[in-house]
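S.K.: need coordinates for the following:
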Amino acid sequence: MTRIFLDTNVILDLLAERVPFFDSIAKVATLADQKKIILMASPLSFTTVEYVLTKFEPSESVLNKLRKFKILCKVCEVNEEIIDKGLNSNFKDFEDAVQYFTAIQSGCNIIITRNGKDFKYSTIPVMAADEYLSSVGC
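M.R.: Numbers count the residues shown, from 1 in each chain. The predicted structure follows:
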C-alpha cells in the first residue's frame, strides 16, 4: 500500500481548512480513511501545527483536531540517525531535511507538500496534493 508522508504545510491546510488548498488535501485524507493509502507524519508536524493553530483558536479545539487527524495517520519516528543525516545534508532548511529523512526511514513512497522546491534532493516523488490526486485518477 502506498505510504504518503505529509509535510507540515499540508497538515495545516487540512486542519485549518485553508482555502484554496483544503479540498485536495481533504480528498487525500479521505483516501486514507477508506484505507486506500497510508498517511505518515512527523512528530515535529504535530507540535508545529499545535503551535500555529492555537494562535487562531482555543487549545482544546486544536487538540481535538489533532486527535482526529492522528486516527488517519501514523506518526513516524525521529531519532539520532535522522538528526545526523539532516545536519549533514544538502538541504538549506534543517526542518525540511528532518522531514525528508523521516519520510525515507519510514518507507514512504511519496511526499506531499506545497513547497516542492524544499525537497529538490529527494529520491522519492514530491508533489502537491492536487498533483497526487491527478496521478491516481481522482
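
S.K.: show me where this protein has its strands.
M.R.: Taking DSSP state E as the test, the strands found in the chain are 3-6, 38-41, 73-75, 110-112, 126-127.

S.K.: rebuild the ones you listed as CSV, extending it with distance to residue 27.
M.R.: C-betas here are computed from N, CA, C, even on glycine. Output for these, formatted as CSV (distance: least, CB to CB, whole Å):
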stretch, distance to residue 27
strand 3-6, 12
strand 38-41, 12
strand 73-75, 15
strand 110-112, 11
strand 126-127, 14
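
S.K.: as CSV, the ones you listed with mean pLDDT and mean neighbour count would be great.
M.R.: Shown next, in CSV, are the strands of the chain (pLDDT from 0 to 100; neighbours: other CB atoms under 10 Å):
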stretch, mean pLDDT, mean neighbour count
strand 3-6, 98, 25
strand 38-41, 98, 22
strand 73-75, 97, 15
strand 110-112, 98, 25
strand 126-127, 98, 20
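
S.K.: nearest to residue 118, of those?
M.R.: strand 126-127 (8.5 Å; CB to CB).

S.K.: I figured residue 63 hits residue 50, correct?
M.R.: Yes - using CB atoms under 8 Å, residue 63 and residue 50 qualify as a contacting pair, with a distance of 7.2 Å.

S.K.: contacts for the longest helix seen in the chain?
M.R.: Longest helix of the chain, by residue count under DSSP state H: helix 59-72. Helix 59-72 is contacted by residues 11, 14-15, 29, 32-33, 39, 46, 49-50, 53-54 when judged by CB atoms under 8 Å, 6 or more residues apart in numbering.
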